[in-house]
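Novice: predicted model, plus sequence, below.
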Amino acid sequence: MDIEAATAIHKIQEKKKLVRRSSLDRSQKIRRIVQWLFVALNGWLGIQFILWVRYCEHGGVGLDVPRPAGAEGWLPIAGMMNTKYLLLTGHVPAIHPAAMVLFIAFLVMSVLLKKAFCSWLCPVGTLSEHLWMLGKRIFGRNLRLPKWVDIPLRPLKYLLLGFFVFVIGAMSAEAINEFMSTPYGLIADVKMLNFFRDIGQTAAIVITLLVLLSMLVKNFWCRYLCPYGALLGIASLLSPFKIRRDAEACIDCGKCAQACPSNLPVDRLVQIRSAECTACMACVAACSAQDALQFSLVPKKAGTPAERWGRRALSPIAVASVLACIFFSLVVVAKTTGHWQTNLPREIYMDLVSHANDATHPGM
Ligand code: SF4
Ligand code: SF4
């Protein structure tokens, strides 16, 4: 055996020694817990919201619950409009301020921690993930769309986002305020609930199709259609934290790329800049080489892998903590400064909600 071959074998053996024996999927367990806590929070808000709507619809009869402003997290377009209003006027809008606060919170998360909102918090993202896992269990695998289908479909979410940005971009602060003050704007959240309560045949077929496609193709909705995810993906390009691979420590097994739900070639890149990376850390969990893959700030140039990553690699607990800090600190500030609730008299809400079908979009 020549020296070169012996050196190569030695290098491989050295790398194998570094194989981790500890539980590899701890990050995924922590992420699942965070996902389900957020689903539970949304479920709790949803139940409160439905009870409040029913109370208003029945003219003040039934369980008297306050309107949960947190449900406005489901109004990202109102959030975007209100953020523009804030930027133009310097004033927090009076209608749906919580939509704006949550929109900003999710944007800040993306600027710091890639699209972590999508894989750690978004209930639709959680549902998507469980649908493809269910599909994998039923059909044995998920489909990976061929490039000639995948590439033309991927800009769709950016086109949808472009449409909203174009429409909102053309609105002045007065126009935003006028829109929000219309019956439709005031009860946009109730209109959304009613859309699902009285779902039409076409919408039901589309949703069923999306569910089926999500079982076959990983994160079909998120990958191709979600304009919110598209926006957060663009914001995530600024994130200082990225998935980074240490080529020295890497044993070229390719498990990270196989594990990536966004189909990113993690095993061939030094860092993942892609707007599709959701900081789910599935690649890190799948990696069996010590310190080869981390969600971290720029690594140092010299030293052992552990030294190079230093303390700048984020653990899953740290990711969860940063997300929780951003979320709760903004919500608490908004609540304590009186910029959380839409302060509309109960009688007006009762009137609007009981006549929700009459409230049509002002542009129609
Ligand atoms: S892409 Fe959209 S639906 Fe998917 S996880 Fe992100 S925000 Fe949620
Ligand atoms: S690169 Fe890693 S963190 Fe990013 S989406 Fe893929 S598996 Fe998740």
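Specialist: Looks like it arrived, so ask away. Numbers count the residues shown, from 1 in each chain. Ligands and ions are numbered 1, 2, ... in the order given.

Novice: what residue in the stretch 1-150 of the chain comes nearest to ligand 1?
Specialist: Distances between the stretch 1-150 of the chain and ligand 1 by CB to the nearest ligand atom are smallest at Gly125, namely 2.6 Å. Bear in mind the C-beta positions are built from the backbone N, C-alpha and C, glycine included.

Novice: confidence score at that residue?
Specialist: On pLDDT, Gly125 comes in at 98.

Novice: for ligand 1, see how far away Phe220 is.
Specialist: 10 Å (CB to the nearest ligand atom, to the nearest Å).

Novice: do Ala313 as well
Specialist: 24 Å.

Novice: bridged to that residue, which residues?
Specialist: Ser296 (DSSP bridges).

Novice: who in the stretch 101-250 of the chain is up against ligand 1?
Specialist: Residues of the stretch 101-250 of the chain found near ligand 1, taking CB under 6 Å from any ligand atom as the criterion, are 118, 122, 124-125, 128, 221-222, 226, 228-229.

Novice: among those residues, who's most crowded?
Specialist: Cys118 (30 neighbours; other CB atoms under 10 Å).

Novice: one step back: which one of the residues of the stretch 101-250 of the chain next to ligand 1 is nearest to ligand 2?
Specialist: The shortest gap between ligand 2 and any of these belongs to Cys118, at 8.9 Å (CB to the nearest ligand atom).

Novice: so which bits of this structure are right by ligand 2?
Specialist: 243, 259-260, 262, 264, 266, 272, 277-283.

Novice: can we see that at 5 Å?
Specialist: Counting by CB under 5 Å from any ligand atom, the chain comes close to ligand 2 at 243, 260, 262, 264, 266, 272, 277-278, 280, 282-283.

Novice: with pLDDT added, can I get those in a markdown table?
Specialist: Listed next are these as a markdown table, based on pLDDT from 0 to 100:
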| residue | pLDDT |
| --- | --- |
| Ile243 | 95 |
| Cys260 | 97 |
| Ser262 | 96 |
| Leu264 | 97 |
| Val266 | 97 |
| Ile272 | 96 |
| Cys277 | 98 |
| Thr278 | 98 |
| Cys280 | 97 |
| Ala282 | 96 |
| Cys283 | 96 |
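
Novice: in helices only, show me those residues.
Specialist: Using DSSP state H, 282-283 are the members of those that sit in helices.

Novice: of all the residues of the chain next to ligand 2, which comes closest to Thr342?
Specialist: Nearest to Thr342, judged by CB to CB, of the residues of the chain next to ligand 2 is Thr278 at 31.3 Å.

Novice: the closest one: neighbouring residues, count only.
Specialist: With other CB under 10 Å as criterion, Thr278 counts 30.

Novice: from Cys118, how far off is it?
Specialist: With the distance defined as CB to CB, to the nearest Å, Thr278 ends up 4 Å from Cys118.

Novice: hey, where'd the helices end up in the stretch 151-300 of the chain?
Specialist: Taking DSSP state H, counting those that start in this stretch as the criterion, the stretch 151-300 of the chain contains helices spanning 156-169, 173-181, 183-186, 188-197, 201-216, 220, 227-236, 255-259, 282-286.

Novice: next, count neighbours for Gly62.
Specialist: Using other CB under 10 Å, Gly62 is surrounded by 13 other residues.

Novice: ok, back up a step: the residue of the stretch 1-150 of the chain closest to ligand 1 in helix, strand or coil?
Specialist: Following DSSP: H, G, I helix; E, B strand; the rest coil, Gly125 is assigned to helix.

Novice: residues contacting the closest residue to it other than its chain neighbours?
Specialist: The shortest distance from Gly125 to any non-neighbouring residue, by CB to CB, 6 or more residues apart in numbering, is to Cys118 (4.6 Å). Cys118 makes contacts with 125, 222, 229, 232, 278, as judged by CB atoms under 8 Å, 6 or more residues apart in numbering.

Novice: next: Ser172.
Specialist: Leu88.

Novice: from Thr342, how far off is it?
Specialist: Relative to Thr342, Ser172 is positioned 21 Å away (CB to CB).

Novice: and if you look at Arg67?
Specialist: 8 Å.

Novice: what do you get for Ala105?
Specialist: 18 Å.

Novice: higher neighbour count, the two?
Specialist: Ala105 (22 against 19).

Novice: quick one: that one from Asp64, how far?
Specialist: 29 Å.

Novice: swap in Ala324?
Specialist: 31 Å.

Novice: same check, this time on Val322
Specialist: Here the criterion is CB to CB. By it, Val322 lies 37 Å from Asp64.
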